[in-house]
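Colleague: My questions are about this predicted structure, shown below with the sequence.
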Amino acid sequence: MKASSSQPDQAAREVWSHVLERAKRDLSPSTFHMWFGGLRPAGFDGERLRVLAPSDLVRDKLAQHYRELIRLSAS
């Protein structure tokens, strides 16, 4: 997951929507809001979804615990 300051394109928003749907389904509401609530899609190049995280802590937690959920949802 990489960060970018540009506006997300339509593909990034669509892929991110799938990720959020899966995360809402698979996680408790409090866990979802804590770790996914502040995230924003930054871009999608057909293979890699770039996500903006509000802090390094959130970015690291996602990479450590939710990377597979994001990967499966985005593909």
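Modeller: Yep, that arrived. Just so it is clear, the model here is predicted, and its values are computed rather than measured. Numbering: from 1, shown residues only.
Colleague: Give me the below-cutoff pLDDT ranges for this structure.
Modeller: Scanning the chain for pLDDT under 70 picks out 1-8.
Colleague: Mind naming the longest helix for it?
Modeller: helix 10-26 (DSSP state H).
Colleague: what helices or strands is that one leaning on?
Modeller: helix 29-36, strand 40-44, strand 49-52, helix 67-74 (3 or more Cβ pairs under 8 Å, 6 or more residues apart in numbering; DSSP states H and E). Bear in mind the C-beta positions are built from the backbone N, C-alpha and C, glycine included.
Colleague: That helix relative to helix 29-36, how many degrees between them?
Modeller: 150 degrees (axes from the mean of the first three to the mean of the last three Cα atoms, to 10 degrees).
Colleague: And for helix 10-26, what's in contact with it?
Modeller: Helix 10-26 is contacted from outside by 8, 32, 36, 40-44, 46, 49-51, 66, 69-70, 72-74, using Cβ atoms under 8 Å, 6 or more residues apart in numbering.
Colleague: Please tell me how far Ala53 sits from Glu47.
Modeller: Distance from Ala53 to Glu47, counting by Cβ to Cβ, to the nearest Å: 20 Å.
Colleague: which among the contacts of helix 10-26 end up buried?
Modeller: 8, 36, 40-44, 49-51, 66, 69-70, 73-74 (16 or more other Cβ atoms under 10 Å).
Colleague: Who is the residue nearest in space to the middle of the chain paired with across the strands?
Modeller: By Cα atoms, centre = their mean, the mean C-alpha position of the chain lies nearest to Val51, the distance being 5.4 Å. On the basis of DSSP bridges, Val51 is bridged to Pro41.
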